[in-house]
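Q: the following block contains a protein sequence and its predicted model.
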Protein chains: 2
Amino acid sequence: MGISKIDLFTDEQNTIAMLLKALAHPARIAIIEHLLKVNSCICGELVNELPLAQPTVSQHLKELKNAGIIKGSIEGNTTCYCIDKDTMNTIEEYFSQISKKLKNPENKCC
Amino acid sequence: MGISKIDLFTDEQNTIAMLLKALAHPARIAIIEHLLKVNSCICGELVNELPLAQPTVSQHLKELKNAGIIKGSIEGNTTCYCIDKDTMNTIEEYFSQISKKLKNPENKCC
DNA sequence: TTTTTATATTGCAATATTACGATAATGATT
DNA sequence: AATCATTATCGTAATATTGCAATATAAAAA
């Protein structure tokens, strides 16, 4: 046996895990879905939409932004957030490829 | 203002967040990718593939199984794990719909 | 039946996440 | 300038996650 256990995880694995972690909370899913629904940028009305206090919403927005899933641009004393399409497409493609592989008839198990 | 803040998150939002949380770790991404690569079921060799101790791998497998992302069937004293295609397709469709909405030309922002 | 092999569980320490009140920062309004 | 409105940050408590050594469980092999 031995060998292996040497290299840790790949950059790609770390990146996709980081992105999914940013989305892995119902409040952050709700933020994304709201951004999709209004079909444009949005700012503080999220606080009214979500069952969370303003600092908590702000914190979730920060996490989404740090992960690169949303972008925020300051406009006066409000901030306009929107989904980063490139990042979202990266995630979509990742799962799309997984699904494609799973459709392979050679993949017979369980 | 007022109103809202009454209902918490929807079942769908909680479900997708739960699924993504299960995947939101490089070790668990690596497990999924390995299951895809060998194109069939797998068991304890994951311990040799991952830079983690056996109890840790077992714990990650348990989390993936609890979330419904993989299935495990006992065969003798080994356990055969494989990806649950239905669950993975659910996730894939979720992001597919998001991407579709983002491709809408009306969606102009940032 | 003893031993070995494969996997799961327990217990625990280190760390991370979540939520929010209090407060700060900054632009807009008066 | 003083006040208001919007958003961010700090501090902190409660909880969750991660990793692993030690141990348990259970089937297979000897």
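A: Yep, it's here.
Q: residue contacts, A:Ile69?
A: The neighbourhood of A:Ile69, defined by Cβ atoms under 8 Å, 6 or more residues apart in numbering or on different chains, consists of A:Leu19, A:Ala22, A:Leu23, A:Ile32, A:Ile83, A:Asp84, A:Thr87, A:Met88. In this view, the C-beta of every residue, glycine as well, is placed from N, C-alpha and C.
Q: cool, A:Lys65 as well?
A: Under the criterion of Cβ under 8 Å, 6+ apart, the neighbours of A:Lys65 are A:Lys71, A:Gly72, A:Tyr81.
Q: A:Gly68 too?
A: Contact criterion Cβ under 8 Å, 6+ apart gives A:Leu19, A:Asp84, A:Thr87 as the residues in contact with A:Gly68.
Q: quick revisit: so which of the contacts of A:Ile69 are in strands?
A: Applying DSSP state E to those, the entries found in strands are A:Ile83.
Q: and chain B, which of the contacts of A:Ile69 reach it?
A: Residues of the contacts of A:Ile69 in contact with chain B (Cβ under 8 Å from any Cβ of the partner chain): A:Leu23, A:Ile32, A:Ile83, A:Met88.
Q: neighbour-wise, give me the winner out of these.
A: A:Leu23 (25 neighbours; other Cβ atoms under 10 Å in any protein chain shown).
Q: how about stretch A:69-79 against DNA strand C, any contact?
A: Yes. Under the criterion of Cβ under 7 Å from any atom of the strand, stretch A:69-79 makes contact with DNA strand C via A:Gly76, A:Asn77.
Q: next, the distance between the ends of that stretch.
A: The distance separating the two terminal residues of stretch A:69-79, taken as Cα to Cα, to the nearest Å, comes to 16 Å.
Q: and stretch A:73-87, by the same measure?
A: Criterion Cα to Cα; first-to-last residue distance in stretch A:73-87 is 17 Å.
Q: pLDDT on it, on average?
A: Here the mean pLDDT over stretch A:73-87 is 89, rounded to a whole number.
Q: buried ones in the longest helix seen in chain A?
A: Ordering each helix of chain A by length in residues (DSSP state H) puts helix A:85-103 first. For helix A:85-103, burial by neighbour count (16 or more other Cβ atoms under 10 Å in any protein chain shown) applies to A:85, A:87-92, A:94-95, A:98-99, A:101-102.
Q: quick one: low-confidence parts of chain A?
A: For chain A, the stretches with pLDDT under 70 are A:1-7, A:39-40, A:105-110.
Q: please identify which of the contacts of A:Gly68 is nearest to DNA strand D.
A: Out of the contacts of A:Gly68, the one with the shortest distance to DNA strand D is A:Leu19. That distance is 13.8 Å, counting by Cβ to the nearest atom of the strand.
Q: residues contacting the closest one?
A: With contacts defined as Cβ under 8 Å, 6+ apart, the neighbours of A:Leu19 are A:Ala67, A:Gly68, A:Ile69, A:Thr87, A:Thr90, A:Ile91.
Q: how near is it to DNA strand C?
A: Using Cβ to the nearest atom of the strand, to the nearest Å, A:Leu19 is found at 12 Å from DNA strand C.
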